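Asker: Return atomic coordinates for the entry below.
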Amino acid sequence: ETSRFGGTYFAFASATGSLVYLPAGTTVADRTLLRVDRDGRVAPLLDARAAYENPVLSRDGRKLAVMITSAMGSDIWIIDLERGTRVRFTAGDRSAYPVWGPNGAKVALQSTPPGLWNLFWKPLDGSSESEPIFRMVDSAAPPAGANLLPGTLPTLSGAGPQFPSSWAPDGSALAFHERKPNGERDIWVVSPGSDPVPFLLTPFDERLPRFSPDGKWLAYVSDEAGRSDVYVQPFPGPGPKWLVSTDGGDDPVWSRDGRELFYRHGDRMMVVAVEPKAEFSAGRPRELFELHFEAGNNGPNYDVSPDGKWFVMPRNDQGQISEELHLVLNWFGEVQAHTSRSAQ
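Answerer: The predicted structure is shown next:
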C-alpha cells in the first residue's frame, strides 16, 4: 500500500510484517515547474514553488492543472500561465490526477471523500461541485445532495482505487486504470451514464492508458514482457497490439497532432514518430535528452506543449528531500504492543 497523506509520503507493508517508509517532513519537497525544450534546455515556467506533481496542459496551452501535495494530502490547482496566477480547484478531499476534458470546460480527477467514490469530474468555472462518474458496486449510497451524471449511475466491480488517465477526443469515454488488491493494475473505459467496460484485464500490470488525438488508438504501459514497456492497441478493439518502446518505457504522452508519441525511459525522454495511416505505424525510438526529473505515480509527471516544442516538468529543489528509507521489522507486533499500552 502506498500513502501520500497524514504522516508518510511513501509506505510499503509486506505480508510478513515488515514496513518500509519515508518519514513525513522530509518528502513533501518544494518543486519548481520547468519548461524543457526538445534539446533538454531548462528554464523556469513560473516563480512559485510547491510540491507539484502530474502537470497537465490545457488544449490551448494557456492553463495548467496540477496536483500540489502537502502533509495533509493533495489538491488540484489551476495555473494561468499567461497571467501567472494560481487558483485552488479542489479542497479537502485529497484530490489528484487531473485530466482535462476535450473542450476544457471540465476536469476529471480522483478524489477520496468518505465512502468508496473514486472518479469525479468538475466544471472548470467552479459553478458546481464535483460529480461522481461512477461508484463501485459495494459502495454506500451517494452523499446527500450529490449531483449525479445523467442516466443510470454505473458501477465497477472491483476493490481498488481508480486513476483517470485520458479522455477520448470527442468526450465519449474516459480511460483509467484500477489498482487491484495485489497491486497490479487493469485498464477500463467508461462513458458518462454507462457501465465501465474493461479494456485490458490480464495477470500483468497495465496502466496509464492514453487516447491518440484521433481517438483510434490507446497507448498504455504493460509489464507483460517482464519490464515496463509502451504498447499501442486500436480502440475500441479488438485488434493487434504494437510494442512501441524497444528497451523499456513508461509514461506515454501523445503529441497534439498525433504524429509523435513521447515516453520516458529512466531519465531519458524518448520520442517515436507515428505515421497517420489506417493501421498503426511507428518508427524507431529516438532520445531527445537525458535529465533527472521526478517520476510520476499513477500518471505521467510531465506534459507536452500543444506545438510539441517543449515539456513542462516539476523538479525537486536541491537539498529539499530525504532519500533515507526506514525499515521496521515485525511491524504488526509493534502495532499490537502500542495498542495494548494505550488501552492500559
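
Asker: Confirm for me that residue 248 is in contact with residue 228.
Answerer: Yes: Residue 248 lies in contact with residue 228 (CB atoms under 8 Å); the separation is 5.9 Å. For every residue, glycine as well, the C-beta is placed using N, CA and C.

Asker: Buried residues in stretch 62-71, which are they?
Answerer: 63-69 (16 or more other CB atoms under 10 Å).

Asker: ok, now stretch 180-188?
Answerer: Burial within stretch 180-188, assessed by neighbour count using 16+ other CB under 10 Å, is assigned to 184-188.

Asker: Next, count neighbours for the closest residue in space to residue 35 that isn't next to it in sequence.
Answerer: Once flanking residues are discounted, residue 35 sits nearest to residue 45: 4.5 Å by CB to CB, 6 or more residues apart in numbering. Applying other CB atoms under 10 Å, we find 22 residues neighbouring residue 45.

Asker: Next secondary structure after the worst-scoring helix or strand of the chain on mean pLDDT?
Answerer: Within the chain, no helix or strand scores below strand 155-156, which has a mean of 49 by mean pLDDT, DSSP states H and E. Note on strand 155-156: by DSSP states H and E, the next helix or strand toward the C-terminus is strand 162-167.

Asker: Low-confidence stretches in the stretch 201-344 of the chain?
Answerer: Applying pLDDT under 70 to the stretch 201-344 of the chain flags the ranges 318-327, 330-344.

Asker: cool, the stretch 51-200 of the chain as well?
Answerer: The model of the stretch 51-200 of the chain has pLDDT under 70 over residues 113-117, 135-159.

Asker: Please enumerate the strands of it.
Answerer: 52-57, 63-70, 73-80, 85-88, 96-100, 106-110, 119-123, 131-132, 135-136, 155-156, 162-167, 174-179, 185-190, 197-200 (DSSP state E, counting those that start in this stretch).

Asker: how long is stretch 209-221 from one end to the other?
Answerer: Its first and final residues considered, stretch 209-221 spans 7 Å by CA to CA, to the nearest Å.

Asker: So which residues of this structure form helices?
Answerer: Taking DSSP state H, the helices of the chain run over residues 331-343.

Asker: Centroid-nearest residue for it?
Answerer: Central residue of the chain (CA atoms, centre = their mean): residue 299, 2.4 Å from the mean position.

Asker: you'd agree that residue is up against residue 177?
Answerer: No: taking contacts as CB under 8 Å, residue 299 lies outside contact range of residue 177: 9.7 Å.

Asker: hey, what's in contact with both of the two?
Answerer: Taking CB atoms under 8 Å, 6 or more residues apart in numbering as the criterion, residue 299 and residue 177 both touch 163, 165, 208.

Asker: would you turn the residues you listed into TSV with neighbour count and distance to residue 127?
Answerer: Shown next, in TSV, are the shared contacts of residue 299 and residue 177 (neighbours: other CB atoms under 10 Å; distance: CB to CB, whole Å):
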residue	neighbour count	distance to residue 127
163	24	26
165	27	25
208	27	30
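
Asker: Residue 70 versus the nearest residue to residue 239 once chain neighbours are set aside, what's the distance?
Answerer: Leaving aside its chain neighbours, residue 239 sits nearest to residue 233 (6.3 Å; criterion: CB to CB, 6+ apart). Separation of residue 233 from residue 70 (CB to CB, to the nearest Å): 38 Å.

Asker: And residue 201, by the same measure?
Answerer: Residue 201 is 35 Å from residue 70, by CB to CB.

Asker: Can you name the residues that contact the residue nearest to the centre of the chain?
Answerer: Contact analysis of residue 299 by CB under 8 Å, 6+ apart lists 54, 97, 163, 165, 208.

Asker: Now the closest residue to the third one other than its chain neighbours: phi and psi?
Answerer: Here the nearest residue to residue 163 in space, its sequence neighbours aside, is residue 298; by CB to CB, 6+ apart that works out to 4.3 Å. Summarising the backbone geometry of residue 298 under the convention degrees, to the nearest 10, its torsions are phi 70, psi 20.

Asker: Quick check: residue 298 touching residue 177?
Answerer: Yes: using CB under 8 Å, residue 298 makes contact with residue 177 at a distance of 7.5 Å.

Asker: Show me whatever sits in contact with both of these two.
Answerer: 163, 207-208.

Asker: Turn the residues you listed into JSON lines, including distance to residue 133.
Answerer: What follows is these, written out as JSON lines (distance: CB to CB, whole Å):
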{"residue": "163", "distance to residue 133": "12"}
{"residue": "207", "distance to residue 133": "18"}
{"residue": "208", "distance to residue 133": "18"}
